[in-house]
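**Student:** just to be clear, the model below is a prediction. Sequence and coordinates:
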Amino acid sequence: MLNSQPSNNKLRRLKVSLWGCLLLTLATVLPVAAQIQITTQETLLDRLQLEDMLLAYYYGFEVDDGHDWTTMYTDDAVLDINGLVYEGKGEIQGLYDNYAEISPEENVPGKVHVLMTNPRIIVTGNTATAHMIYTEVMNDSVYLAPRLIEQGREDTEFRKVDGSWYITKRLITQDGGLPPAYFDTYQPR
């Protein structure tokens, strides 16, 4: 009597082959962003240096009005804040030196702290990228609970020059609390 059904081994091999084809197909169609880069010993120090730089950058807003922001940028750097674009160290420093005039509604009494969360830093040789969420918290007085005043995303590109990291491009996009200075240039991105 002839057996018309394939053997269990053949069925098992067929299932394994189908699953393999499915997994291979999924691996080739997943976007690059969904693939996880593993931190290695070689990239760990760079990642820590970049995170420290970003923390120092935001800390500068809290403690020093006369800060030279350009020390963190390359000569040809670009800073894009909600569509307002500043190119080169001179324009970038000019933004910070004149920010009270550019966006006077943000010059209010109280203490603002900037929280940097969910940093995703990817190092590739002498270049790197960072994506993170920033949140500005206003402390009007010690007697009132803090309040959120702004939140958005930052995408930054870096280049390592002579062993030190510098910002080559920063793209800042607000998701909430957009100041009037950006009403005309803001576009969702």
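**Tutor:** Thanks, I have the structure now.
**Student:** lowest confidence element among the helices and strands of the chain?
**Tutor:** helix 8-29 (a mean of 62; mean pLDDT, DSSP states H and E).
**Student:** next, the distance between the ends of stretch 160-169.
**Tutor:** Stretch 160-169 stretches 13 Å from its first residue to its last (C-alpha to C-alpha, to the nearest Å).
**Student:** pLDDT averaged over it, what's the number?
**Tutor:** The predicted model assigns stretch 160-169 a mean pLDDT of 96.
**Student:** may I see the buried residues of that stretch?
**Tutor:** K160, W165, Y166, I167, T168, K169 (16 or more other C-beta atoms under 10 Å). The way it works is simple: take the backbone N, C-alpha and C, and place the C-beta from them, glycine included.
**Student:** of those, closest to L50?
**Tutor:** W165 (5.7 Å; C-beta to C-beta).
**Student:** okay, and the beta partners of the closest residue to the closest one other than its chain neighbours?
**Tutor:** Distances taken as C-beta to C-beta, 6 or more residues apart in numbering place F158 nearest to W165, at 5.0 Å, with adjacent residues excluded. Per DSSP bridges, the residues bridged to F158 are A128, I167.
**Student:** check the burial of F158 by counting its neighbours.
**Tutor:** Residues near F158, counting by other C-beta atoms under 10 Å, number 25.
**Student:** where do the strands of the chain begin and end?
**Tutor:** 73-81, 84-87, 111-124, 127-139, 147-161, 164-176 (DSSP state E).
**Student:** redo those as JSON lines? Include distance to L45.
**Tutor:** JSON lines is the format used below for the strands of the chain (distance: least, C-beta to C-beta, whole Å):
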{"stretch": "strand 73-81", "distance to L45": "20"}
{"stretch": "strand 84-87", "distance to L45": "30"}
{"stretch": "strand 111-124", "distance to L45": "9"}
{"stretch": "strand 127-139", "distance to L45": "12"}
{"stretch": "strand 147-161", "distance to L45": "11"}
{"stretch": "strand 164-176", "distance to L45": "11"}
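**Student:** where does the prediction get shaky in this structure?
**Tutor:** The chain contains residues with pLDDT under 70 at 1-7, 11, 14-36, 64-66, 102-107.
**Student:** phi, psi of P179?
**Tutor:** Listed backbone geometry of P179 is phi -70, psi 150, with angles given as degrees, to the nearest 10.
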